[in-house]
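> Prediction below, plus the sequence it came from.
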Amino acid sequence: MTFTAIDFETATAYHPCSVGIVTVENGIIVDEFVTLIKPPNNLYSHFTIQVHGIYPRDTLHAKSFIQVFPEIKKRLQNRVVVAHNESFDRNVLAKSMMLYGLEYADLNLAARWECTVKIYKSKGLKPTKLSDCCRQMNIVLNHHEALSDARACAKLYLLR
């Protein structure tokens, strides 16, 4: 089991304010990366702040997506990528890359990533929010903290 799990927290729509990435080699977590990301104009919606607790003051001096991208790329390129609700995280990445003129195809990723929501739904688990899946599988989670979410997703994928 070799793959990379990722989770984005967003400031507005598809603009990330944090990313957590967990690298798994042969079933063992070998690398973890997390950073705040300054969204365009450091704008946030009230709703997203209520979800993850990240405020504009927290990202005022953070790197932009384009500055963080080399770290993301080296962890994702040519890998199997896993996310909980993969279409959301995949779209955050693809749309952020497009905003900065980066080619998503250069990452050489599958058209659809592995999705722990779909996996656990197919196992009959309901509901399949990350917190529910983690509770059911006894995985520690600090929900809506990007690294904790990515780590939990990796553990869910390992247990599938």
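Noted; the coordinates are in hand. Small disclaimer: the values here were computed from a predicted structure and weren't measured.
> To which secondary structure element is residue 50 assigned?
Taking DSSP states H and E as the criterion, the element that holds residue 50 is helix 46-52.
> Tell me how far that helix lies from the chain's centre.
Relative to its chain's centre, helix 46-52 lies at 16 Å (C-alpha atoms, centre = their mean, to the nearest Å).
> ditto for stretch 39-55
Counting by C-alpha atoms, centre = their mean, stretch 39-55 is centred 16 Å from the centre of its parent chain.
> Name the residues of that stretch that are buried.
By 16 or more other C-beta atoms under 10 Å, the buried positions in stretch 39-55 come out as 39, 42, 44, 48, 52, 54. Heads up, the C-betas are built off the backbone N, CA and C, glycines and all.
> how about those residues in CSV, adding pLDDT and distance to residue 65?
CSV is the format used below for the buried residues of stretch 39-55 (pLDDT from 0 to 100; distance: C-beta to C-beta, whole Å):
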residue, pLDDT, distance to residue 65
39, 98, 8
42, 98, 12
44, 98, 15
48, 97, 16
52, 97, 17
54, 98, 15
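> and of these, the nearest to residue 68?
Using C-beta to C-beta, residue 39 comes nearest to residue 68 of these, at 11.5 Å.
> what's the helix or strand for the residue positioned nearest the centre of the chain?
Nearest to the mean C-alpha position of the chain, counting by C-alpha atoms, centre = their mean, stands residue 7 at 1.2 Å. If you go by DSSP H and E, residue 7 is part of strand 3-12.
> That strand: how far from the chain's middle?
Mean-position distance between strand 3-12 and its chain equals 2 Å (C-alpha atoms, centre = their mean).
> Check which helices and strands that strand sits against.
Secondary-structure packing of strand 3-12 (3 or more C-beta pairs under 8 Å, 6 or more residues apart in numbering; DSSP states H and E): strand 15-25, helix 46-52, helix 65-76, strand 81-83, helix 86-99, helix 146-159.
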